[in-house]
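Asker: take a look and give me a structure for this.
(one chain, ligands or ions: 2)
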Amino acid sequence: MSSQKIIIDTDPGQDDAIGILLALASPEELDLLGIVTVAGNVPLELTSRNALMLCELAKKPETKVFAGCSRPLVRPLVTAEHVHGKTGLDGADLPDPTTSLQKQHGVDWTIETLLSAEDNSITICCFAPLTNVAMAMIKAPEILPKINRIVMMGGGYFEGGNITPTAEFNIYVDPHAANTVLRCGRPIVMMPLDVTHKALMQRKWLEGLRDLGSAVGDAAYGMMSFYERFDLEKYGSSGGPLHDPTVIAYLLKPELFEGRYVNVEIEIHSELTMGMTVVDWWNVTDRQPNVTYNNQINADGFFQLILDRLSLL
Ligand code: BDR
Ligand code: CA
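Answerer: Ligands and ions are numbered 1, 2, ... in the order given. The predicted model follows:
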């Protein structure tokens, strides 16, 4: 596999953290051009600092981190401290960053990077509300041909929502941005709750992180143990779902996932169902397919991949 150029757009978040670490641990397959932060799980100042701390933890402080948008396009910001804790990365003591954020705004850097790239050459990996990506598309639509594909964690159909009965958090926080991105005409791959609710962390896997005997393993164990308490109580399942790393796992091992190429639209009008991903799974409309919508995962293979890669850091 030749190396794929990627940008990660993120709001860390413990599950974002594992996604970032998984990418940083996979330099042979992934050429991480930079990380752009956005307001989501916690406000922008914290998501930005968290991204810097994760690069420090992985001993890759040279990774460029850019702060993006501090609020959604239209609606007021909704955060998720009830899931992720006050800092967004509660559960581990992470090293203070030795480097600073890049000076350029994350949206401007995304535009500049795409415009200077070949057509079809950069994959945008989204772990968060899609504010930055939508802003970039609105500000500079000429970036579109440069995008190879957008692989995003967001949405849910068969599983319903996790922040409202019908909406998943990333889409709900900025439904207008999601609507813009889903209509952009470039290839889109979604990792919805229908996938991530089948990727449940088991105690043995968590202990495997701890047993790596490294700073990364200890931090991952601490963060994941804190993070899963919320979902264990909520769903009463045997383990909490691990969302954002599915995006990077898809780039590394697409064979772990299954789905269909279908039409997906975002609800942006009704307050009751705001941010719902309306998936035409059974092809009952004449709306054009726009998304590869995954709904199956080989969970054992996914968790093993993460353990194997994190052991390299
Ligand atoms: C998504 O919402 C956030 O809380 C997680 O980091 C993930 O990106 C899951 O719905
Ligand atoms: Ca996230």
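
Asker: alpha carbons only for contacts and neighbour counts from here, please
Answerer: OK.

Asker: now the stretch 1-150 of the chain, which segments are flagged as low pLDDT?
Answerer: For the stretch 1-150 of the chain, the stretches flagged by pLDDT under 70 are 1.

Asker: name the residues of it found near ligand 2, please.
Answerer: 16, 127-128 (CA under 5 Å from the ion).

Asker: residues near residue 116, how many?
Answerer: 10 (other CA atoms under 10 Å).

Asker: cool, residue 283 as well?
Answerer: The number of residues near residue 283, taken as other CA under 10 Å, comes to 13.

Asker: phi first, then psi, for it.
Answerer: phi 50, psi 50 (degrees, to the nearest 10).

Asker: which residues touch it?
Answerer: Residue 283 sits next to 262-263 when contact means CA atoms under 8 Å, 6 or more residues apart in numbering.

Asker: i'd like the first residue to be 510 from this point on
Answerer: Yep, numbering from 510; the last one is residue 792 now.

Asker: picking that back up, just the residues of the stretch 510-659 of the chain next to ligand 2 that are near ligand 1?
Answerer: 525, 636-637 (CA under 6 Å from any ligand atom).

Asker: so which helix or strand takes in residue 813?
Answerer: Assigned by DSSP states H and E, residue 813 belongs to helix 808-819.

Asker: helices of the chain, start to end?
Answerer: 523-533, 553-566, 590-593, 615-624, 640-648, 678-682, 684-691, 702-705, 712-719, 724-744, 754-761, 808-819 (DSSP state H).

Asker: and the longest one, what does it pack against?
Answerer: Pointing back at helix 724-744 there. helix 523-533, helix 590-593, helix 712-719 (3 or more CA pairs under 8 Å, 6 or more residues apart in numbering; DSSP states H and E).

Asker: ditto for the fourth one
Answerer: Contact here means 3+ CA pairs under 8 Å, 6+ apart; on that basis helix 615-624 packs against strand 539-546, strand 574-576, helix 640-648.

Asker: need the distance between the two termini of stretch 644-656.
Answerer: Start-to-end span of stretch 644-656 (CA to CA, to the nearest Å) is 15 Å.

Asker: and it, what's buried?
Answerer: Using 16 or more other CA atoms under 10 Å as the test for burial, stretch 644-656 gives 644-646, 649, 652-656.

Asker: from those, which is closest to residue 679?
Answerer: residue 644 (15.5 Å; CA to CA).

Asker: which residues are in contact with that closest one?
Answerer: When contacts are taken as CA under 8 Å, 6+ apart, residue 644 is in contact with 616, 686.

Asker: ok, it to residue 578 distance?
Answerer: 9 Å.

Asker: which residues do those two both contact?
Answerer: Common contacts of residue 644 and residue 578, defined by CA under 8 Å, 6+ apart, comprise residue 616.

Asker: so how far is stretch 576-589 off the chain centroid?
Answerer: Relative to its chain's centre, stretch 576-589 lies at 15 Å (CA atoms, centre = their mean, to the nearest Å).

Asker: contacts for it, please.
Answerer: For stretch 576-589, the external contacting residues (CA under 8 Å, 6+ apart) are 545-553, 557, 610-611, 613-616, 638, 640-641, 682-683, 685-686.

Asker: buried among the residues you listed? Make that a PyMOL selection.
Answerer: This is how PyMOL selects the buried members of these, with burial counted by 16+ other CA under 10 Å:
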select buried, resi 545+546+547+548+549+550+551+552+553+557+610+614+615+616+638+640+641+682+683+685+686
